[in-house]
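> Prediction below, plus the sequence it came from.
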Amino acid sequence: MQKNPIRATVVAALTVCAVTVAAFAPAAAQTPGTIISVRPEPAGWRDAERGAVVEYWTADSAGVPRPASGALFLPAGDAPVTGWPIVAYDHGSSGSGPGCGGQADPELAPFPTHRGAEDALIQRLVDQGYAVVAPDYLGLGRFDTGPHPYLEVASEATATIDLVRAARAAQPELSRTWSVLGISQGGHAALSTAHVQATYAPELDFRGTVAVDAASDVEKVLPFIGPALPDIPVLSAATSFVISILAGLRATHPEADVDSYLTPLGRSLVDSAQTRCLDEIIASVQGLSAADLMVRPLAGLKPQLDAYMTLPASGYDAPILLTMNVTDTIVPSPLHAALVAQLAAGGVDQQVIPGTGAHGTISAEQRAGIDAFLARVNAAPPQR
C-alpha cells in the first residue's frame, strides 16, 4: 500500500518542527509534564466547542525526556469552583509512525470511519462535565521520536500522566481529580497508567480506571508463534499487531536481538512498520503466515516481552471497571478471562460488564455502567 503523499509531507514538516523544538529547548524545560506549546482550535474541531492541541514533554521507558502531543477538550461554560474533573482518554491501536495517534492531528490518523465513534465518546464525557485529555502516545503524534513502542506499559503510562500534568498547567480550571478510560490498546494503556500513577504523579488525585476490551495477556500467546504455527485465520488477522509489537520491542530492547527471529521479509516488514499507520501495516502483511516472517519461535523473547508489556495483577489503589465483549475476535475472550482472574487473585477492586459486540464496541448497558462508575468515583469532593 502506497503512503498517502499528503500525510507524508505533513509528517515531514512535523519532524522538522520536532527536531527544532528538541534541539533548542533548555534542558530544564524538558521535565516530564511541562508544556512545549498549546494551540486552541476553532469551535467544531473534532465536533468540540472548546478544543486545543497540547505539545508537552514526557519520558520514555529509559527515563529520557521526549516531546509528545495530544488533545484537550473542555466543557462549555464556567468551571465549577473546585475545577473540572479530568478523564484521560487512551485510544486504541493506530500504528507505529508519526501522525498515527490521531488526537493532535486527526486528519492523519488511519481508519477515519472510527473517528466519529471516538469523538462521540469524548463529547459524551465533556457533556457530563469532564475535561478530557487524549494523548497520541510516544512516537504517534506531532514529533518523530522513533517507532512507537506499541503496548509498552511504561511509555503508555507516562504519556498519559504527563499530558494530564501539562493540561493542568495550561488550564488552571482543571481539578487535581482525574480518571482514565481506554479502548483496546487504550485499555492496556489505562491499566498501565492506573498502576504507576500513585508513585509517578502523587500530586494528583486519581479516582479510577475504565478499560474497554483491554489488549491484555498477549505476551502469553506470542512465545508460541513461529514458523511451524498452522495458518489459522484468527491468528493471521493478528499478524499486523505482532509486527507492531516486534517493531516497538526491537527499538526499546536491542539486547533481545529481534532480527535474529525474522526472515528477510519479516525484517523488512518490521522496518517499514516503524513509520506506518495501522491500515498500512495491515495491508503489508495480507496473506502472509508466520512461516513467511519468522525463522524460529518467539519463545526466546519471553523475558523481554514480559518486561515490555505485561500488565501487573496487583498494586492498584483505585477501582477498575472492565467492559469485555465475549465475542471479541481481536482480543479473544480467554485473554479477557485471564485478566479478570489475575486481578481477582491480586485482590484488585474490579467490576466487569460483559457484552456481545465486536472488539472495542460499547453496548447501551456498558455505556450506562461507565457513566455510573465515573459518577461514583468522582462523587467525593474534587480537589484543586
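That came through fine.
> Going by C-alpha atoms from here, please, whenever you check contacts or count neighbours.
Noted.
> Okay, and the nearest residue to Asp257 once chain neighbours are set aside sits in which element?
Nearest residue to Asp257, sequence neighbours excluded (C-alpha to C-alpha, 6 or more residues apart in numbering): Arg250, at 7.1 Å. Assessed by DSSP states H and E, Arg250 sits inside helix 239-252.
> Residues contacting that helix, please?
For helix 239-252, the surrounding residues in contact (C-alpha atoms under 8 Å, 6 or more residues apart in numbering) are 61, 95-96, 146-152, 222, 256-259, 269-271, 273-274, 278, 281-282, 285, 289-290, 304-305, 308.
> Tell me the spacing between the residue nearest to Asp257 and Leu335.
Distance of Arg250 to Leu335, given as C-alpha to C-alpha, to the nearest Å: 24 Å.
> Spatially central residue in this structure, please.
Centroid check for the chain by C-alpha atoms, centre = their mean gives Gly186 as the closest residue, at 4.1 Å.
> Report the buried residues of the host helix or strand of that one.
For Gly186, the host element (DSSP H and E) is helix 185-200. For helix 185-200, the neighbour count (16 or more other C-alpha atoms under 10 Å) marks 185-198 as buried.
> which residues are contacting that helix?
By C-alpha under 8 Å, 6+ apart, the residues outside helix 185-200 that reach it are 89-93, 151, 153-154, 156-158, 160-161, 180-182, 206, 208-216, 311-312, 315-318.
> Run the chain-centre distance for that helix.
Offset of helix 185-200 from its chain centre (C-alpha atoms, centre = their mean, to the nearest Å): 10 Å.
> Equivalent analysis for stretch 125-142, please.
When C-alpha coordinates are averaged (C-alpha atoms, centre = their mean), stretch 125-142 and its chain have centres 10 Å apart.
> Pull it out as CSV, backbone CA atoms only.
Taking C-alpha atoms only, stretch 125-142 is exported to CSV below (Å, rounded to 0.1, in the frame of the first residue of the first chain):
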residue,chain,number,x,y,z
LEU,A,125,-17.7,12.8,28.6
VAL,A,126,-17.3,16.5,28.0
ASP,A,127,-21.1,17.0,28.1
GLN,A,128,-21.1,15.3,31.5
GLY,A,129,-18.7,17.9,32.8
TYR,A,130,-15.4,16.3,32.4
ALA,A,131,-12.3,17.9,30.9
VAL,A,132,-10.9,15.3,28.5
VAL,A,133,-7.2,14.9,27.6
ALA,A,134,-6.2,12.5,24.8
PRO,A,135,-2.6,11.6,24.3
ASP,A,136,-1.2,10.4,20.9
TYR,A,137,1.4,8.3,22.8
LEU,A,138,5.1,8.4,22.3
GLY,A,139,6.1,8.5,18.6
LEU,A,140,2.5,8.6,17.3
GLY,A,141,1.9,12.4,17.3
ARG,A,142,3.5,15.6,16.0
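> picking that back up, and the contacts of helix 239-252, which are buried?
Buried among those by 16+ other C-alpha under 10 Å: 61, 95-96, 146-152, 222, 256, 258-259, 269-271, 273-274, 278, 281-282, 285, 289-290, 304-305, 308.
> what about the strands in the stretch 251-384 of the chain?
In the stretch 251-384 of the chain, the strands defined using DSSP state E, counting those that start in this stretch lie at 320-325, 350-355.
> what's the following helix or strand after the helix or strand hosting Ser155?
Using DSSP H and E, Ser155 maps to helix 153-170. Downstream of helix 153-170, the first helix or strand assigned by DSSP H and E is strand 174-183.
> Can I get that following strand as CSV, trimmed to CA atoms?
C-alpha atoms of strand 174-183 as CSV (Å, rounded to 0.1, in the frame of the first residue of the first chain):
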residue,chain,number,x,y,z
LEU,A,174,-8.8,21.8,35.8
SER,A,175,-9.1,19.8,39.1
ARG,A,176,-6.5,17.6,40.6
THR,A,177,-9.1,14.8,40.4
TRP,A,178,-8.8,12.5,37.4
SER,A,179,-9.7,9.1,35.9
VAL,A,180,-8.6,7.2,32.9
LEU,A,181,-10.6,5.5,30.2
GLY,A,182,-9.2,3.5,27.3
ILE,A,183,-10.2,1.1,24.5
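> how near is Gly347 to Ile330?
To Ile330, Gly347 is 27 Å away according to C-alpha to C-alpha.
> Equivalent analysis for Val81, please.
For Val81, the distance to Ile330 equals 43 Å [C-alpha to C-alpha].
> Just want to know which of these two has more residues nearby.
Ile330 (17 against 11; other C-alpha atoms under 10 Å).
> tell me the contacts of that one?
Ile330 is in contact with 238, 359, counting by C-alpha under 8 Å, 6+ apart.
> Now do it, the pLDDT please.
pLDDT recorded at Ile330 is 92.
> Check Ser244 too.
At Ser244, the pLDDT value in this model is 96.
> What are the structural domain limits within this structure?
Annotated domains of the chain cover 5-217+314-377, 218-308 [automatic domain parsing].
> Run the chain-centre distance for the last one.
Averaged C-alpha coordinates place domain 218-308 at 19 Å from its chain's average position (C-alpha atoms, centre = their mean).
> what does the longest one give?
Between the centre of domain 5-217+314-377 and the centre of its host chain there is 6 Å, according to C-alpha atoms, centre = their mean.
> Provide the strand pairings for the helix or strand harbouring Ala68, with the direction of each partner.
Ala68 belongs to strand 65-73 when assigned by DSSP H and E. With DSSP bridges as the test, strand 65-73 is paired with strand 51-59 (antiparallel), strand 131-135 (antiparallel).
> which of those strands sits most buried?
Of all the strands paired with strand 65-73, strand 131-135 has the most neighbours on average by mean count of other C-alpha atoms under 10 Å, namely a mean of 29.
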